[in-house]
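Peer 1: sequence first, predicted model second:
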Amino acid sequence: MRKLDFASLQVRDVEVSKTFYTERLGFELSDATNPHACIFKYNKGEASFAIRTPIGNIESKELGVGVSLWFAIDGKIEELQNQLIEKSVALLGTINNTPFGKTLMIKDPDGYVITFLEQIKADNNE
């Protein structure tokens with residue numbers, strides 16, 4: 001069995017993406033440093049990922065196709081939706097009810113889909 005430990009997205013402009021993730025989505029910068037990447041922590045370090053300079057030539061390539069990162073949130077998805085709208089973040093549709101809980105999707109500056117999840121609370125009686 002293997003588990004995903006870390007994810008890294010190649011972006012066209014690290015500073016533009018860094019501003020988007022920190023100022024508009026509320027991600028926190030990690031203390032870790034890398035001259036080619038900006039590393040984030042989210043939800044007190046429970047999930048970590050990075051945006052980075054391209055490893056290869058991405059000029060004229062479509063980024064983000066088929067990629068979606070999911071982040072569980074602590075609060076209500078409706079509150080997050082309102083916060084994102086206030087910060088002019090373009091939403092991809094409305095809140096969805098899934099078997100995992102409620103989701104809300106946005107697209108980052110490079111076309112990567114970010115999905116926020118309000119997880120279904122486990123019933124302790126089951």
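Peer 2: Okay, I see it.
Peer 1: tell me the centre residue of this protein?
Peer 2: For the chain, the residue nearest the mean C-alpha position is Ile114 (4.2 Å; Cα atoms, centre = their mean).
Peer 1: tally up the residues packed near Leu4, please.
Peer 2: With neighbours defined by other Cβ atoms under 10 Å, the count for Leu4 comes to 7. For every residue, glycine as well, the C-beta is placed using N, CA and C.
Peer 1: no no, Cys38
Peer 2: 23.
Peer 1: list the contacts for the closest residue to it other than its chain neighbours?
Peer 2: Leaving aside its sequence neighbours, Cys38 sits nearest to Lys18 (Cβ to Cβ, 6 or more residues apart in numbering; 4.6 Å). If you count contacts by Cβ atoms under 8 Å, 6 or more residues apart in numbering, Lys18 has them with Leu29, Cys38, Ile51.
Peer 1: any chance of the residues you listed in TSV, plus distance to Pro109, pLDDT and secondary structure?
Peer 2: Listed next are the contacts of Lys18 as TSV, based on distance: Cβ to Cβ, whole Å; pLDDT from 0 to 100; DSSP: H, G, I helix; E, B strand; the rest coil:
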residue	distance to Pro109	pLDDT	secondary structure
Leu29	17	90	strand
Cys38	13	92	strand
Ile51	10	92	strand
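Peer 1: and which of those is nearest Gly64?
Peer 2: Set against Gly64, the nearest of the contacts of Lys18 by Cβ to Cβ is Ile51 (11.8 Å).
Peer 1: pull the contacting residues for the closest one.
Peer 2: Neighbours of Ile51 in contact, by Cβ under 8 Å, 6+ apart: Ser8, Leu9, Gln10, Val11, Val14, Ser17, Lys18, Tyr21, Ala37, Cys38, Phe40.
Peer 1: how close does it sit to Glu86?
Peer 2: 23 Å (Cβ to Cβ, to the nearest Å).
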